[in-house]
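In: quick check, what structure comes out for this input:
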Amino acid sequence: MSAPLLSVIPESFETERLLIRAPLPGDGAAVNHAIRDSIDELRPWMPWAQAVPSVEQSEENILQARQKFLDRTDLRLLLIRKETGQLIGSSGLHRIDWTVRAFEIGYWVRSTEARHGYITEAVRGIARYAIDELGANRIEIRCDARNIRSENVARRSGFTFEGILRNEKRGMDGTLRNTLLFSRVRGVEY
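Out: Take a look at the predicted model:
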C-alpha cells in the first residue's frame, strides 16, 4: 500500500504540556532560533546541525517538510509549549513504510528546555498518534549508542530494546558508530 494521500491525517494534537503539530509556512524563524540556541548540543548527533542555518534556509526547510507531510513521505512535527507558545523542539515520524505501517520517531529539544521531560512526553504522544491515527504496527527509535540522553528517552517512553546495530553508520566525528534499536509494536501496552 502506498502513502494514504486521500486519508485524513490530523495535523495537530496535544499532550499535557505540548501542542504537537505539522510545520506551517512561517515557522522557519522559530525553528532557526531554537537551532541557534542549541547548535552545540545538536552537532554531535544530527547531520543537519553541522552548520548554523540562515533564517531563509530554515524557512525553506520548513516548506519542504510541509510538502513531505502533505505527500505523506515524512511527517515532521513541531513541539510547542502550550503555556508559552514557544517552539521547544522537533520530532516526527520518519523512514515510513506504509505497506507495513512502520515508522521511526526522531527528536531533538531546545537546550534550555532539556531535562524537563518534554521529549519523553512528546514521544509517548507521537507513539499514541501513530498507533491510533495512522494504524502503526511498528514504531522504532534508533540512536547513536553514545547518546545516553536519547537512549534514556526511548527507555522512559516504554520502547523495547531490540539490539545493537554494530558499526552501522558513521558518527558526526567520522568514526564508525553503533546504533541502538528500540521498538514498540501494536498490541503491546504503552
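
In: now the strands: where do they sit in this structure?
Out: 12-14, 18-21, 75-81, 87-97, 102-109, 138-144, 160-170, 176-185 (DSSP state E).

In: out of those strands, which comes closest to residue 40?
Out: strand 102-109 (12.5 Å; Cβ to Cβ). Heads up, the C-betas are built off the backbone N, CA and C, glycines and all.

In: ok, the closest one: who's next to it in the sheet?
Out: In the sheet, strand 102-109 lines up against strand 87-97 (antiparallel), strand 138-144 (parallel) (DSSP bridges).

In: follow-up on the earlier one: would you turn the strands of the chain into JSON lines with mean neighbour count and distance to residue 33?
Out: Formatted as JSON lines, the strands of the chain follow (neighbours: other Cβ atoms under 10 Å; distance: least, Cβ to Cβ, whole Å):
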{"stretch": "strand 12-14", "mean neighbour count": "14", "distance to residue 33": "21"}
{"stretch": "strand 18-21", "mean neighbour count": "20", "distance to residue 33": "17"}
{"stretch": "strand 75-81", "mean neighbour count": "23", "distance to residue 33": "13"}
{"stretch": "strand 87-97", "mean neighbour count": "20", "distance to residue 33": "8"}
{"stretch": "strand 102-109", "mean neighbour count": "22", "distance to residue 33": "14"}
{"stretch": "strand 138-144", "mean neighbour count": "21", "distance to residue 33": "25"}
{"stretch": "strand 160-170", "mean neighbour count": "12", "distance to residue 33": "29"}
{"stretch": "strand 176-185", "mean neighbour count": "18", "distance to residue 33": "29"}
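
In: tell me which of these lies nearest to residue 47.
Out: strand 160-170 (9.6 Å).
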